[in-house]
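> with the sequence up front, the predicted model follows.
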Amino acid sequence: MSTLILLIPLLPLFSATFLVLAPAFNLTIPKPWVARMGVGAVGAAAVCVAILHIQLKGQTNYALQFTYANWINVHSFTINFGFYLDALSLVMVSIITGVGFLIHLYSAGFMDEDKDYQRYFAYLNAFVAAMLVLVLADNLLLLYLGWESVGLCSYLLIGFWHHEINNTLAANKAFIMTRIGDTGMALGLFLIFYLFGTLDIQAMQLQAQSQWQTGDSMITLCCLLLLAGAVGKSGQLPLQSWLPDAMAGPTPVSALIHAATMVTAGVYLIARCHNLFELSPLAMECVAYIGAITLFIAATAALVQQDVKRILAYSTISQIGYMFLALGAGAWSAAVFHLMTHAFFKALLFLSAGALIFSLHHEHNIFRMGGLAKKLPMVCVSFLIGCSALAALPLLSGFFSKELILNRLLEQEMYSLWLIALIGAFVTAFYSFRLFFVVFLGKATQEPDRNPLKVMVFPLLVLGLLAIFGGIQPKGLAVLFSSASEEHHNLAIILFTIAVPLCAVAYAWRVYKEGEFGSPLPNPEAKKIHRFLFSGWGFDAFYQKRVISPFIAVTKLNQNDIIDSLYIGLINISAKLHRFCSQFQSGQLRWYNNSLVIFAIVAMTWVIIK
Amino acid sequence: MSGIMGFYLPSVLITSTSLIVMLMAALKRTHLLTNLITTVGLSLALLVQLAQLGKAPYQTSLILFDGTTTLVSTLLILAAWLLSLFLFNWLQNLKDPKEEYYLLLLLSTQGALIVCASQHFASFFLGLEIMSLSLVPMIAYPGEDNQALEAGIKYLVLSAIASAFMLLAIAILYLYSGTLSIPELATKVPELLSSGNIINGCAIILLLVGITFKLSLVPCHLWVADVYEGAPVPTTALLATVSKVALFVVLLRLFMLGEWHNQTALINIIEVIAAASMIIGNLLALLQKNLMRLLAYSSIAHFGYILLAILALKPAIAISNVDTLANEAAITYLYAYLTTVVGIFLMLMLLPETHHIDQLKGLFWQQRCKAVVLTLLLLSLAGIPLTIGFIGKFYLTLVAVNAQLWWLLAALIIGSVMGLFYYLRIILVMIDQPESHSETEIITTHTQLLVMGVVILLVIGGGVFPSMVAELVKEMIGLTF
Amino acid sequence: MIGFLFFLSSTVALISALLTVTRHNAVHALLYLVITMMAIAMIFFLLGAAFAAALQIIVYAGAIMVLFVFVTMMLHQGEVTMKQEALLYQAKQSSTAIILCVLLLLELVYMLSSFSTAQTIMTPINVNELGAQLYGPYLLLVELSALLLLSALVGAFHIGRRHQEQDRQL
Amino acid sequence: MILLTLIVFLLLAGVVAWYSEAYGSHAPKWVAAISLCLAWIPLWPVLFSLELNSDQRWLINEVHDWIPRFNISAHLALDGLSLLLVILTLAMGLVAVLSAWKEIKKQTGFFYFNILWTLAGVVGVFCALDLFLFFVFWEVMLVPMYLLIAIWGYENRQYAALKFFLFTQAGGLLILLSICALVLLHYQQSGQLSFDYVDLLNHSLSKKASFWIMLGFVIGFAIKLPTIPFHNWLPDAHTQAPTAASVILAAVLLKTGGYGLIRFVLPLFPDAVQTVAPYVMAIAAISVIYGALMAFSQRDLKRVVAYSSVSHMGFVLLGCFALNAQAWQGAVMQMLAHGVSTSALFALVGAIQYRYHTRDLNELGGLWQTLPKLSAVGLFFVVASLGMPGLGNFVAEFLVLVGSFETYPWFTAMAASGLILAAVYSLMIAQKTFFGSLKLNAAVDFDTRETAMMLGMAVILIVMGLHPQPLIDIAQQTLAHFPSISMGAKP
Amino acid sequence: MIDPDYIVFFSLALFSIGVYGVLVRRNLVFMLISIEIMLNAVAVIFVAASSYHGTSDGQIMYLLILTLAASEVAIGLSLLIHMYRRRHTLDVDQLSNMRG
């Protein structure tokens, strides 16, 4: 079994390495083989995961730890290459390989015309490998390795079309903003090592539970530093603004990295370290509030976006906000469950959006689309499924997971958060159907010039099914987090929560059914609010003004190195002194005579004084 | 008796050579023959002097031949010998009669030998005057050259004034102690000091006026640049090396004998002179474009450095007892300075009409051999390891640290860095690529190659394997009464 | 008597020395210098150094000064030189130098006055003794003096040599 | 005799290279490359056995008489730390030669002479155990480097060369003073004049004396490292130096500073080091940040990389003075990793300069479109320089920070923010050079020589990142002898 | 009987006069003359000291000073003539071609 687990990340890694190195050795691989390799590697990994599932069938409480090799061993600082498999990581691995495989398959069609086909698959495979390392790691340093590597792959893929400068800027932004969080996380790692003397996740949590009291400020600090990493990676407040820009990458990339897997790494991290977080109520509260605020802000921002991918991006932020909210409320399994369902329906949505874009010569603006329901029925259906699941319409996968979260909030008597979540749910349903209605109903303004390829349709199908029927919580999760929540649902409340999204959909229908949109807003106040929401609550402008501009100004100011002027000053002083001393070299014999006499006088004076 | 004669023999040889040269000039002037005779005479003297190394010391009331004397004498003769090898070509380009130059060269070397052997003020004074009065005509040697004339007059007048001050000092010392012998004086100094007067200080100050002038230490350094610039290159070489080194030995001898560390006022003055020489000398050289002036200023700094050894001779508070190390440091540094500077002047003699730094431009690509030698010599002056200059500087640092002369060491560091700047600047000019790449390798004769070889051997050989130098110096310093 | 003679001759020497360094006419100055030399010779004589006194007159006043006078006369061009010299030296402008000299003198005197010689008996040195010393232990000095004179001779000869083109100018 | 042979071999090879120019201007580079490969032979037995001497301290320990007057001997020895750095020197020397392969066309003989002599000097520095000998090598390596910059450098080479030499010379003189003081104090105590490191380890200086002596050493080494405020020679020297010289400068010359700190300062003055540790660490943290900020604001690609060196070497200083095992290991690793990654970047800039004759970031851009191989490799090293896990730099920086966090968490936090800034300037390099629209003409991509060289370095970095344990174990041979100091400062 | 202090004072005064001459006179002839005065002043001390101590050293020094003075004057005058020939002046202040 250990080999099997090892194979899971290694297969894509090998494929990536091969694809990267081939050009270096002047090896040209024919395009179909590139696709076969790239897709095949992830597919093989997925098969491995399936075998794993079969082997673990029936077991609910399992935790497998394998150590493969030693990495660093200095004094007491010992780090191994080791994998840890339990229900949580299995769920993650399944999502990554499963959804990953589908997206790879889809990409084979989507990227068909791109000349950098090979590079694309190399990156994508590398990403999958890194992500798998992240979720399988048994210690925080290895996790950090995966964590940074996925960041790097994300950077490379966002900036995949690098000749467009904006894409690379978006990539930079993504990397640097996540790096800010990552550095906090690194500090957290230092602190954890300092406190516990180990970076092994399980050992560390055991120690924490046994030796530290709940609410200890050191533990809180640890949690907050880890949270910083999670916030950065998962696009939560205040480091969320990179994610909308990250849509500059190819759409399948957005689906895989910026919806299904990488951005949920933060959720995974906190769930992974839940024992630690449980020791710190303050940190938990922080997580919950960050999630709540983020979900609200992102949802409202999604309301007014025009770019289909940006809408989805904001919705991703918002949905991850839900997960954070769940985590903060201690609903670990609910959070991971939502993570899973979100992976399905969001991947579906992105892929559908990709198909849309693919068919409409890279048109992103939803207001230039319309009436596509008949022309692209397949896309329309998958979109509908995705939007419904996103809106948490009853009986779709999103419904179950979101329901769990809301319930948990009530159980924990976090009413204000519950309220925000509910409002968020309303807004979510509204913007998702706004998207759907605007794109597929109304007047047709644009003709699709081609239909999605077959390889692209298949993943849509599978994901659509998953989005509909994926609302089954994996058993292992509940066991792992020992959250056998008593089902004492208040029926009224359940009904109420079901009703909220439905209302929203109805309202959206009223507003957008006939394509009466795009008209200028009536009053300046509304315009202002629109602009504010459109800019994602002005975070970008704020950062630009308060952080980036001052930073650039400061560095510009000091471009020539202020310290250097110290030495230049020294040079000038020396030159001045040189000229001063040279004055006395007047060439006048009598002055030279004088110097002898003056020296004699001064020296004798000194002797006399002494 | 023959042992005693051995000590005098180099001087006798040199004097006889000078007489022969004079006779030759009187009878029939043949430049080549004169050159040959001078070279042979100096070579013989050098050989004899080398044979004297390690002999038991000998002294009369006037003269002291101890290890230091013999060692430094060897160096002095060596310098003169090296110069004499290059003189022929250089003098050939001069319109003036040539023979006198050899004569004066020999006489000034003779004077220097006497100075460094003297232990009596009379012999010291007379040797000094022989040396400097022979140098004056050598400075003003080219009759057509206004600058040489100017330099000659300046040197004559200033050195006469300096001599007068020195004589006054000697007279005062004589008046109050009744003796002219340096060791005798040293025994009487404590007695003089015990009565709480300052005559000794006064006399030493007056003596210092003369000595600082001859060693071109700040503040009596003003003349040095003008004279170096005006004088012909070989004369400058002699001025920079032989005359200074010989005088420094006397200073060393003077300071070895007395109980100087008790006289804080004097020590203070010497400290100030040392620091000022290091800093001001280097500052003056910093942006100097004239090669000769630059070397003049750098020599100011070098003698500032070497004063550290004097100050470390009898330190007030030493870190540890290192016996004669300060003495060795001084002699080693003198050795390093002399060989390096002579080498540099020899190279400049090979590059006629080079006054300005920019004239060296591209030398590295046109006359590689010379440029490499010159570069190594400059690095030695700058005190970069694997050259003898570094060994000298290392000795100085060691003894100065031992004597805890921290402020002077700070000046040494500042001075060295400044010094490095202008030495490197010369190297930069040499390696700068000239616009027109012309391979005009001027043919070097075998003599020149030989001389360059000897210089490199002394400078680099001494730097890479300093143990020979160190052991020799230590042994020689040990040979005293 | 000796004291009086000393004061007399020293006063003469100082005054004529002062006059020497302040004259514009070089020949006058040289003549004053000769007087100074004579006065110093007198002092030597008073000090019991008869030989030195004789040498002072013969060599200094006789030989060296004559050399000076000779050269000066050679280069002297009457009124022109006088006017030139008057421009070159003006006593009024030499206040700094005066201050320096006075300072030097005062300091030297101050330092030397701190010491008093206990012994004030003069023992004249006769020529015999001098000769015995000079040609005894100090023989080397005589030889070196010869070398000094030789170098001066050669040097003066070389520098003073007339150059072809300069002959025409003079 | 092994080490002496190695050094003398390099020196002789330099002379041969110079003279071989007579047989055509291509001969010297072959001589240099071959001799750098041959230079491994003396080390071969050591590399295989890694067995310590009987005194459990050295792999090789050889003493040759030199200056008996001062009891100075040519004491050369090799232990783990030295071995690593000597290997780095030889490897990066080869890289330097390869990167100069086509670039240097004039005076090739003298060029390779200087390269080999610099390397010989550096090897000497890493092996010398006699303080006097150490100082000699320390200064000797400067001269050929100075000539390299001054002759084959770019526009402003003379200024840069002078600055380089003067800064290091000033530091060198301070070190000389400290050596002299140390030796004399030891002499006074023990009655034995010795410049030998092993002897001097047993000194018992007063607190004040050891503080001042240590300060001299630290400043001298800090100039070489370099840390602010003594870093100003570095950007100029790097920018103006020819590619090969930049490579050597970055790869090994800077490391002599770090080596000096670890070899001499830490074991010789364990107590004094503790008193200055907080101040030095503060300076180190500021160095990290300042260097990164400066790197971001530069427009000359080489200057960016040079300032990034300042930033990276700040970690070395931080690690040295954190005074615990992890941080020391981190510092050693950082020296190695930085040596490889930064010299690769310099080689890369050299390759760009060779092709486009510019290093101005505003003129470059979009290179990926014409030079995919170069750009891909470049991106790899850019990423390495920002401390990507899995590569050597990360292991190093992480170890340093983990170690120093135990002693001074606040300085560590400051230095850690350098990681963010590293990302900022590294990505700026990537974006302005490789990405965006193409502004320049097409050019020839990497040839086999360049690809092989770069891939070699990439592999080294990956190995260092994923399997650093052998290196750590080798370095441990040295670090195990350090007095373990625990500061016990809780956050 | 002459008090040694007087002699010393006399010679120091003479010396200072010589120094004064050296410092103020621009004419080379006068400079040389002033130097002679300084040398004479020193000679006085030597001779006097010789008498007081009853040793002949001082007088021997006087002889040496005499030699020196003669040599110096010889060379000095030859330079003087040389200068006059080339420059037609004896003003040493004009000898300042080299500076800096």
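Sure thing, it's come through. Numbering: from 1, shown residues only, chains lettered A, B, ... in the order given.

> is it true that residue B:73 touches residue B:118?
No - if you go by Cβ atoms under 8 Å, residue B:73 and residue B:118 don't touch, sitting 11.7 Å apart. Using the backbone N, CA and C atoms, a C-beta is placed for each residue, glycine as well.

> residues in contact with residue B:279?
Residues in contact with residue B:279 (Cβ atoms under 8 Å, 6 or more residues apart in numbering or on different chains) are B:304, B:411, B:414, B:415, B:418.

> for the helix or strand containing it, buried residues please.
Using DSSP states H and E, residue B:279 sits within helix B:264-286. Across helix B:264-286, burial judged by 16 or more other Cβ atoms under 10 Å in any protein chain shown covers B:265-267, B:269-286.

> average pLDDT for that helix?
The pLDDT scores in helix B:264-286 average 91.

> next up, the contacts around the residue nearest to residue E:10 when sequence neighbours are not counted.
Closest residue to residue E:10 apart from its sequence neighbours, by Cβ to Cβ, 6 or more residues apart in numbering or on different chains: residue C:10 at 4.5 Å. Counting by Cβ under 8 Å, 6+ apart, residue C:10 touches C:39, C:43, E:6, E:10.

> out of those, which are buried?
Buried by 16+ other Cβ under 10 Å: C:39, C:43, E:10, out of those.

> which two of the contacts of residue C:10 have the greatest separation?
C:39 and E:6 (14.2 Å; Cβ to Cβ).

> about what we covered before: distance to residue B:93, pLDDT and neighbour count for the contacts of residue B:279 - can I get that in TSV?
Listed next are the contacts of residue B:279 as TSV, based on distance: Cβ to Cβ, whole Å; pLDDT from 0 to 100; neighbours: other Cβ atoms under 10 Å in any protein chain shown:
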residue	distance to residue B:93	pLDDT	neighbour count
B:304	35	94	28
B:411	41	93	23
B:414	41	92	18
B:415	36	93	25
B:418	35	92	24
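
> ok, and which of those residues reach chain A?
Filtering these for neighbours of chain A using Cβ under 8 Å from any Cβ of the partner chain leaves residue B:418.

> now the spatially most central residue of chain C, what's its secondary structure?
Using Cα atoms, centre = their mean, the residue of chain C that lies closest to the mean C-alpha position is residue C:37, 6.5 Å off. Secondary structure assignment for residue C:37 (DSSP: H, G, I helix; E, B strand; the rest coil): helix.

> helices of chain C, start to end?
With helices called from DSSP state H, chain C shows them at C:2-22, C:26-46, C:50-55, C:65-75, C:79-88, C:95-113, C:127-134, C:139-160, C:164-169.

> in a markdown table: those helices, plus distance to residue B:355 and mean pLDDT.
Converted to a markdown table, those look like this (distance: least, Cβ to Cβ, whole Å; pLDDT from 0 to 100):
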| stretch | distance to residue B:355 | mean pLDDT |
| --- | --- | --- |
| helix C:2-22 | 38 | 91 |
| helix C:26-46 | 36 | 91 |
| helix C:50-55 | 46 | 90 |
| helix C:65-75 | 32 | 84 |
| helix C:79-88 | 31 | 77 |
| helix C:95-113 | 35 | 86 |
| helix C:127-134 | 47 | 87 |
| helix C:139-160 | 23 | 91 |
| helix C:164-169 | 24 | 49 |
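
> ok, residue D:461 to residue D:324 distance?
Applying Cβ to Cβ, to the nearest Å, the value for residue D:461 to residue D:324 is 25 Å.

> determine how far the biggest helix by length in chain D lies from the middle of the whole chain.
Longest helix in chain D by number of residues (criterion: DSSP H): helix D:157-190. Offset of helix D:157-190 from its chain centre (Cα atoms, centre = their mean, to the nearest Å): 18 Å.

> redo the buried ones among the contacts of residue C:10 as a markdown table? Include distance to residue A:322.
Compiled in a markdown table, the buried ones among the contacts of residue C:10 are given as follows (distance: Cβ to Cβ, whole Å):
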| residue | distance to residue A:322 |
| --- | --- |
| C:39 | 120 |
| C:43 | 119 |
| E:10 | 113 |
